[in-house]
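**Student:** Predicted model and sequence follow; I will ask about them next.
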Amino acid sequence: GDSVTQMEGPVTLSEEAFLTINCTYTATGYPSLFWYVQYPGEGLQLLLKATKADDKGSNKGFEATYRKETTSFHLEKGSVQVSDSAVYFCALIGGGAQKLVFGQGTRLTINP
Amino acid sequence: GAGVSQSPRYKVAKRGQDVALRCDPISGHVSLFWYQQALGQGPEFLTYFQNEAQLDKSGLPSDRFFAERPEGSVSTLKIQRTQQEDSAVYLCASSLYSGPYNEQFFGPGTRLTVL
């Protein structure tokens, strides 16, 4: 079945550092890809998405590009802030499906 | 406008008890999903409704789990004869329509602890 693998955490960075969180997927057909974020004490929120190959999703300074050839959707941000501290989940919806399939999550901590 | 709400936010049950978890989706949202999130893991799909029709229940882990959405709005997830392995956060999400182009909005979850 469809699956998502993301880099294990926790990840700890200093403010203004460059961030990459790796995500790879296995899916039949042509999935749509997502990054969700869970801030402390809050519910899951959609951060960005891409629905076809080579699409780039972006939001709040975060970017991720749908790479079909490497089955990847890595999350990047050029300069992180303390407020970016959260748990990040990579996810997909498989072709023809409705449900989200999530990775295990990566806890990110940004120190001032 | 109000988002997805869930109640109770926390539930402690003794092993063997039955529990009922409620989800109020965003008004007018056709699709409703239930997910289970174990500690330190990503959410896992349980079941999906389109209006009142339960179109996919492939993720329900056993016949002790039952979900309903009788009027196409509020949904209830019921767990009978709870076991310790049922301890998790149960998340509800709704979307205007189904499919990957429609954002799923998540509620805050119900944290279930089975003693």
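**Tutor:** The structure has been received and is ready for your questions.
**Student:** How about the residues of chain B by chain A?
**Tutor:** Residues of chain B found near chain A (Cβ under 8 Å from any Cβ of the partner chain) are B:3-4, B:31, B:33, B:35, B:40-45, B:48, B:55-56, B:59, B:91, B:93, B:98-101, B:103-104, B:106-109. Bear in mind the C-beta positions are built from the backbone N, C-alpha and C, glycine included.
**Student:** Secondary structure element holding A:L13?
**Tutor:** Per DSSP states H and E, A:L13 falls inside strand A:11-14.
**Student:** burial count for the residue nearest to A:G78 when sequence neighbours are not counted?
**Tutor:** Setting aside the residues directly before and after it, A:G78 is nearest to A:F18 in space (Cβ to Cβ, 6 or more residues apart in numbering or on different chains), at 5.9 Å. A:F18 is flanked by 10 other residues according to other Cβ atoms under 10 Å in any protein chain shown.
**Student:** can you give me the helices for chain B?
**Tutor:** Counting by DSSP state H, no segments of chain B form helices.
**Student:** At the geometric centre of it, which residue do we find?
**Tutor:** In chain B, the centroid-proximal residue (Cα atoms, centre = their mean) is B:W34; its distance is 3.3 Å.
**Student:** roughly how far apart are B:S58 and A:A97?
**Tutor:** Going from B:S58 to A:A97 by Cβ to Cβ, to the nearest Å gives 10 Å.
**Student:** neighbour count winner among the two?
**Tutor:** Taking other Cβ under 10 Å, B:S58 and A:A97 do not tie; A:A97 has more neighbours (21 against 10).
**Student:** Which residues are in contact with that one?
**Tutor:** Contacts for A:A97 (Cβ atoms under 8 Å, 6 or more residues apart in numbering or on different chains) come out as A:D2.
**Student:** can I assume it sits in a strand?
**Tutor:** No. Secondary structure of A:A97 (DSSP: H, G, I helix; E, B strand; the rest coil): coil, not part of a strand.
**Student:** A:E15 is in contact with A:D84, isn't it?
**Tutor:** No. A:E15 is beyond contact range of A:D84, at 9.1 Å (criterion: Cβ atoms under 8 Å).
**Student:** Of these two, which one has the most company?
**Tutor:** Comparing A:E15 with A:D84 by other Cβ under 10 Å, the one with more neighbours is A:D84, at 20 against 13.
**Student:** Give the burial count for the closest residue to B:P100 other than its chain neighbours, as a bare number.
**Tutor:** Spatial nearest neighbour of B:P100, chain neighbours left out: A:S32 (3.4 Å); criterion: Cβ to Cβ, 6+ apart. By other Cβ under 10 Å, the residues close to A:S32 number 21.
**Student:** Which residues belonging to stretch A:78-94 are considered buried?
**Tutor:** By 16 or more other Cβ atoms under 10 Å in any protein chain shown, the buried positions in stretch A:78-94 come out as A:80, A:84-94.
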